[in-house]
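Novice: build me a model from this:
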Amino acid sequence: MGRVFVAGSINMDVVATAERHPRIGETVAGQAVLYFPGGKGANQAVAAAKQGVPTTLIGRLGNDAFGQELRTFLGAQGVDVGFVKDTADVHSGTAIITIADADNTIVVVPGANARVDGDDVASPVLAKGDVAVSQFEIPLPTIAAFFARARAAGATTILNPAPAKQADKALLDLVDILILNETELGFLTGTELRDSDAPERFAEAARSLAQGKIVCVTLGKRGVLALVDGKPLQVAGRAVKAVDTTGAGDCFVGALASQLAGGKPLRDALAYANTAASICVQRMGAAPSMPTAKEVREVLGA
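Specialist: Predicted structure coming up:
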């Protein structure tokens, strides 16, 4: 079995729940304030580790109370945090999240995540069969250095370009599997997309990003559309009552990485990750909502 290595962000999510989102300049009464471990890197690492696959997280925390709490939490989920550094002169990453009617708005303050550098990703030793995962909540040059090392070792690289920002071709050329939602796909391709669009429209937009890589477009309850060698591969969604969609995409990425590290075919890995994400959205929080392998297998009837 291969291993999963995630280079990415670690945040404390400060969540406010309300009946509706405020308009600009408006104040609304909230219902509760909750604290959840999060950050796209941490979420994806927890999602992979809870599938029973050896998972290492590479990142940074501030030397503060949030940092101590996050490190303890990650270790308890089975994530190897030996390559997570404490940084003395900066706070841990923090996300301010408002949830209303199962939809969320998020403001991320990077803190220590902005300090993750090439030296950090140079320490772990990757090998053929491993899967290297990253997202856009750490500096892009760091991701490029991480993927270059992964490629040299024969590992598979997975990029989740979120939050969406422009990346140069040199970085994208180091990606084997690109996983993004319709908003991120629209941003990176300059295409106006809606979640109600036909699958063919998403496939057409994804073709401009493919360039020899697999592109997976996550479509929420509609499932996932993957473009493999220019041909669309669609996996149907699973209808559930969503409580909190925060972390659903990260759950998909981490679960997919775990299955590919275990040698599963892409279609099977996509179906598994889709099911894992459908379980995740039925719970509050990001990292704490990630399901175990047992829970996913029970839903799949395996």
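Novice: ok, the residue lying closest to Thr105 once chain neighbours are set aside - contacts?
Specialist: Sequence neighbours aside, Thr98 is the residue nearest to Thr105 in space, at 4.9 Å (criterion: CB to CB, 6 or more residues apart in numbering). Using the backbone N, CA and C atoms, a C-beta is placed for each residue, glycine as well. Contact analysis of Thr98 by CB atoms under 8 Å, 6 or more residues apart in numbering lists Val15, Ala16, Thr17, Ala18, His21, Pro22, Asn104, Thr105.
Novice: host element of Gly249?
Specialist: helix 248-261 (DSSP states H and E).
Novice: any low-confidence regions in the protein?
Specialist: Under the criterion pLDDT under 70, the flagged ranges of the chain are 302.
Novice: centroid-nearest residue for it?
Specialist: The centroid of the chain falls nearest to Asp250 when counting by CA atoms, centre = their mean (2.8 Å).
Novice: tell me the contacts of it?
Specialist: Lys40, Asn43, Gln44, Ala47, Gln135, Asn160, Ala286.
Novice: before we move on, what about Ala277?
Specialist: Thr218, Ala248, Gly249, Cys251, Phe252, Ala255.
Novice: let's see it at 7 Å
Specialist: Ala248, Cys251, Phe252 (CB atoms under 7 Å, 6 or more residues apart in numbering).
Novice: and it, what helix or strand is that in?
Specialist: Per DSSP H and E: helix 266-280 holds Ala277.
Novice: off-centre distance for that helix?
Specialist: 13 Å (CA atoms, centre = their mean, to the nearest Å).
Novice: before we move on, what about stretch 121-135?
Specialist: 16 Å.
Novice: one more: stretch 22-39?
Specialist: Worked out by CA atoms, centre = their mean, stretch 22-39 lies 22 Å from the chain centre.
Novice: then it to CSV, C-alphas only?
Specialist: Below are the C-alpha coordinates for stretch 22-39, written out as CSV (Å, rounded to 0.1, in the frame of the first residue of the first chain):
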residue,chain,number,x,y,z
PRO,A,22,-26.1,39.0,6.5
ARG,A,23,-26.2,41.4,3.6
ILE,A,24,-23.3,43.9,3.3
GLY,A,25,-23.4,46.3,6.2
GLU,A,26,-26.1,44.3,8.0
THR,A,27,-25.9,42.6,11.4
VAL,A,28,-28.0,39.5,12.0
ALA,A,29,-28.5,37.6,15.3
GLY,A,30,-26.6,34.4,15.4
GLN,A,31,-27.5,31.1,17.1
ALA,A,32,-24.2,29.6,18.3
VAL,A,33,-20.4,29.9,18.0
LEU,A,34,-18.5,26.7,17.5
TYR,A,35,-14.8,25.8,17.2
PHE,A,36,-13.7,23.1,14.8
PRO,A,37,-10.3,22.0,13.5
GLY,A,38,-10.0,22.7,9.8
GLY,A,39,-7.9,24.0,7.0
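Novice: show me where the stretch 101-250 of the chain has its strands.
Specialist: Secondary structure of the stretch 101-250 of the chain by DSSP state E, counting those that start in this stretch: the strands cover 103-109, 131-135, 156-160, 177-181, 214-218, 224-228, 231-235.
Novice: so which of those is nearest Leu188?
Specialist: strand 177-181 (7.1 Å; CB to CB).
Novice: out of the contacts of Thr98, who's the most crowded?
Specialist: Val15 (23 neighbours; other CB atoms under 10 Å).
Novice: quick one: distance of the one helix or strand that one maps to to the chain centre.
Specialist: If you go by DSSP H and E, Val15 is part of strand 11-18. Strand 11-18 sits 17 Å away from the centroid of its parent chain (CA atoms, centre = their mean).
Novice: report all helices and strands that it contacts.
Specialist: Under the contact criterion of 3 or more CB pairs under 7 Å, 6 or more residues apart in numbering; DSSP states H and E, strand 11-18 touches strand 30-38, strand 93-100.
Novice: give me the buried positions along stretch 26-37.
Specialist: Phe36, Pro37 (16 or more other CB atoms under 10 Å).
Novice: now do stretch 118-133
Specialist: For stretch 118-133, the buried set under the neighbour-count rule, 16+ other CB under 10 Å, comprises Asp120, Val121, Pro124, Leu126, Gly129, Asp130, Val131, Ala132, Val133.
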